[in-house]
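Asker: I need the structure of the sequence given here:
(chains A and B)
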Amino acid sequence: AQSVAQPEDQVNVAEGNPLTVKCTYSVSGNPYLFWYVQYPNRGLQFLLKYITGDNLVKGSYGFEAEFNKSQTSFHLKKPSALVSDSALYFCAVRPLYNTDKLIFGTGTRLQVFP
Amino acid sequence: NAGVTQTPKFQVLKTGQSMTLQCAQDMNHNSMYWYRQDPGMGLRLIYYSASEGTTDKGEVPNGYNVSRLNKREFSLRLESAAPSQTSVYFCASRSQGGAGELFFGEGSRLTVL
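Answerer: Residues are numbered from 1 along each chain as shown, chains lettered A, B, ... in the order given. Presented below is the predicted three-dimensional model:
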């Protein structure tokens, strides 16, 4: 079965420290990969995506994500966390054979402490 | 610069009542979606519309109907609301191409008593 796993419900990090939010997937082929962020009482906002090419993708607000094909992972990273980065982060995967289907992970809450 | 607009933002219903959630996008996107978000379950697709005049079921379509009124508008109807439909509902549209990202509305919080 196709699935996306975000193994951590919550990640806590001190402001200024690097952060990683993990995502692994189980989808056949080479899917498109996405990260979205949700601030309280708001809709999801697109952060970045991987289509093909360089395994390190840069996105909005200083975030980047590293694609690892052998580990089927797409971890979200930021070199220096800000308190304003505190939000709910979703990883999502779209199979190439069905571009109308987007499979979401369950989300990881990022808490950045001052 | 509206993007995706959903109404209403909040609604309380009694079991058995009906209601329609409205969604409109001004980005000329072909594909539109309805998701529900529940704690610990991420987002689950209810229905989607790949183009004007077509609709398809997602993961959790039972108890819902949709209408793609035109290219801009995609509504979600609950014919007989149940407490299990208490959730936050999000409409989204997708930019062109297989790798296009979704643009989401602000959400509609529905409570069914």
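Asker: pretty sure A:Glu64 contacts A:Lys77?
Answerer: Yes - between A:Glu64 and A:Lys77 there is a contact under Cβ atoms under 8 Å: 5.4 Å. Yep, even glycine has a C-beta here, placed from its N, CA and C like the rest.
Asker: What parts of chain B come near chain A?
Answerer: B:4, B:31, B:33, B:40-45, B:48, B:50, B:56, B:90, B:92, B:98-99, B:101-107 (Cβ under 8 Å from any Cβ of the partner chain).
Asker: Generate a ChimeraX selection restricted to the buried subset of those residues.
Answerer: Typed into ChimeraX, the line below selects the buried ones among the residues of chain B next to chain A, using 16 or more other Cβ atoms under 10 Å in any protein chain shown:
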select /B:4,31,33,42,43,44,45,48,50,90,92,99,101,102,103,104,105,107
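Asker: Give me the subset of the residues of chain B next to chain A lying in strands.
Answerer: The strands, defined by DSSP state E, take in B:4, B:31, B:33, B:42-45, B:48, B:56, B:90, B:92, B:102-104 from these.
Asker: Using CSV, please lay out those residues together with pLDDT.
Answerer: Formatted as CSV, those follow (pLDDT from 0 to 100):
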residue, pLDDT
B:Val4, 96
B:Ser31, 93
B:Tyr33, 96
B:Gly42, 86
B:Leu43, 92
B:Arg44, 93
B:Leu45, 93
B:Tyr48, 94
B:Asp56, 94
B:Phe90, 97
B:Ala92, 96
B:Leu102, 92
B:Phe103, 94
B:Phe104, 96
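Asker: okay, and for chain B, where does confidence drop off?
Answerer: B:1 (pLDDT under 70).
Asker: All good on my end, thank you.
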